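Q: need coordinates for the following:
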Amino acid sequence: MTIDSATFCWSRESGFDPEALPMTEDADLVLVFASGDLAKQWSGALLSIEEAYPKAVVVGCSTAGEILDTTVSDATIVGIAMRFESTRVQAELVRLEGTDTAAAVRGLGTRFPEDRLRYLLVLADGLAINGSELAATIRDVIPPEVLVTGGLAGDGARFAQTALFHAGEVYRDAILAVGFYGDRVRLGHGSLGGWDAFGPTRKVTRAEGNVLYELDNQSALELYKRYLGDYAKDLPASGLLFPLSIETENAGQELVRTLLAVDEQAQSMTFAGSIPVGTQARLMKANFDRLVDGAHDAATQSRQRLAQPADVALLISCVGRKMVLGDRIEEEVEAVREVLGPDAQITGFYSYGELSPLAAGKCDLHNQTMTITTLAED
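A: Numbers count the residues shown, from 1 in each chain. Below you'll find the model as predicted:
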């Protein structure tokens, strides 16, 4: 038994033809990923997609790049329609009230009955949601045996406005989840980076949430500039090339954090995830070959955990990787295809943060990783 699936793509050049959408009668789930700069043009196309799949749950988000097979594109809408033999899917969306991400996640969690829940795909506003708080609260409200993966919606390199799509509407300041129920759905997951550490390990001595002030009781911003050299003049954009790794509670495991902004007056640095006081941190730098190897190894992890051929592979990679790899960006999705073989349907997007377990642990927020979720039915 396999998950019956088919993909589609719309671009400015090709135009959008709703009559050409595949498998429109019986699809159970349609995932749609659309370029952030097409947000104003979304409504018509996405409503047409919704109408074309009357029985399906249709959800998606804006992106910093779209993935379809081994192609990475911008200014497109890509999607995959899936029909399951026995798996049931349920989609829920909650709006953020103020800045309380945890309250929104707790509300979302109550909408998913635990009985036979196997997987939760989570998509969230990439600018309004605290990704670390999102992951931490998920760990509290979702049973540990349920796999949770997903990502934060993107907006290219603009970082201006991200969005979610659900039930024919475009939402901002929201979190969206799709629950997969049943005994026959099979899942694999993998998440790896591929960055090289450089410089000494330093202790976080002053930080508030995702804002870092001091390392080893020195200005973190000044230390950062010292190591970046000529790249320092291009901060914060050049920070995508030099993320920060922080230790986790599990020895030997690290999380990578992307720099989003700097404040010269406060001598602070804002990252795309929490930087806990007392943790050890180290600067990272890009290594092209290792980034591609990281994607390859993430696919290998996911394939091994699935333990059977994948029908569908959902790839969520980071906008920072896309900016670093540049013209070589398709090498990382080609590496995934090499591992998964020719039959798996591959789609996904470039994000502002990835959600995935580390090894066999619980879900956490990652930056600068390739995160892969593989699905099949038996």
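Q: from here on, just use CA atoms for contacts and neighbour counts.
A: Noted.
Q: show me the strands in the stretch 151-300 of the chain, by range?
A: 164-166, 169-171, 174-181, 185-192, 196-208, 211-215, 218-219, 244-247, 254-257, 259-263, 268-271, 280-285 (DSSP state E, counting those that start in this stretch).
Q: now for residue 375: which residues touch it?
A: 185-188, 306, 310-313 (CA atoms under 8 Å, 6 or more residues apart in numbering).
Q: the same query, at a cut-off of 7 Å, please.
A: 186-188, 310-313 (CA atoms under 7 Å, 6 or more residues apart in numbering).
Q: do the same with residue 123
A: So residue 123 contacts 150-153, 175-177 (CA under 7 Å, 6+ apart).
Q: most neighbours of all those, which one?
A: Per-residue neighbour counts (other CA atoms under 10 Å) across the contacts of residue 123 peak at residue 153, which has 33 neighbours.
Q: which ones are touching residue 329?
A: By CA under 7 Å, 6+ apart, the neighbours of residue 329 are residue 322.
Q: need the pLDDT of it.
A: With respect to pLDDT, residue 329 has a value of 96.
Q: when you give positions from now on, start the count at 3
A: With the count now opening at 3, the last piece we talked about shows up as residue 331.
Q: for it, give me phi and psi.
A: Phi and psi for residue 331, reported as degrees, to the nearest 10, are phi -60, psi -30.
Q: out of the strands of the stretch 153-302 of the chain, nearest to residue 49?
A: With respect to residue 49, and counting by CA to CA, the nearest of the strands of the stretch 153-302 of the chain is strand 171-173 at 7.9 Å.
Q: elements contacting that closest one?
A: strand 166-168 (3 or more CA pairs under 7 Å, 6 or more residues apart in numbering; DSSP states H and E).
Q: and the strand it packs on, how far out from the chain's middle?
A: 15 Å (CA atoms, centre = their mean, to the nearest Å).
Q: next one: stretch 83-100
A: The answer for stretch 83-100 is 16 Å, by CA atoms, centre = their mean.
Q: show me what counts as buried in that stretch.
A: 83-86, 89-98 (16 or more other CA atoms under 10 Å).
Q: and what of stretch 349-369?
A: Those would be 349-360, 364-369, for stretch 349-369 by 16+ other CA under 10 Å.
Q: now stretch 272-291
A: Those would be 272-279, 282-290, for stretch 272-291 by 16+ other CA under 10 Å.
Q: what lies in contact with it?
A: Here stretch 272-291 makes contact (CA under 7 Å, 6+ apart) with 133-134, 196-209, 211-214, 243-249, 259-264, 327.
Q: mind listing what residue 118 touches?
A: So residue 118 contacts 183-185 (CA under 7 Å, 6+ apart).
Q: OK, contacts around the most centrally placed residue in the chain?
A: Nearest to the geometric centre of the chain sits residue 153, at 2.6 Å (CA atoms, centre = their mean). Residue 153 makes contact with 124-126, 318, 353, 355-357, according to CA under 7 Å, 6+ apart.
Q: please name the bridge partners of the closest residue to it other than its chain neighbours.
A: Counting by CA to CA, 6 or more residues apart in numbering, residue 153 lies nearest to residue 356, which is 4.3 Å off, once chain neighbours are set aside. Beta bridges link residue 356 to residue 153, residue 368 when assigned by DSSP bridges.
Q: residue 356 and residue 155 touch, don't they?
A: No: counting by CA atoms under 7 Å, residue 356 stays clear of residue 155, with 9.5 Å between them.
Q: can you redo the strands of the stretch 153-302 of the chain as CSV with mean pLDDT and distance to residue 47?
A: Output for the strands of the stretch 153-302 of the chain, formatted as CSV (pLDDT from 0 to 100; distance: least, CA to CA, whole Å):
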stretch, mean pLDDT, distance to residue 47
strand 166-168, 94, 11
strand 171-173, 91, 11
strand 176-183, 98, 20
strand 187-194, 96, 30
strand 198-210, 93, 41
strand 213-217, 96, 38
strand 220-221, 96, 48
strand 246-249, 91, 39
strand 256-259, 88, 34
strand 261-265, 87, 31
strand 270-273, 92, 34
strand 282-287, 93, 39
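Q: closest one to residue 75 among the ones you listed?
A: Across these, residue 75 has its closest neighbour in strand 166-168 (19.0 Å, CA to CA).
Q: each with direction, which strands does the closest one pair with?
A: Strand 166-168 has these strand partners (DSSP bridges): strand 59-65 (antiparallel), strand 171-173 (antiparallel).
Q: that concludes my questions; thank you for your assistance.
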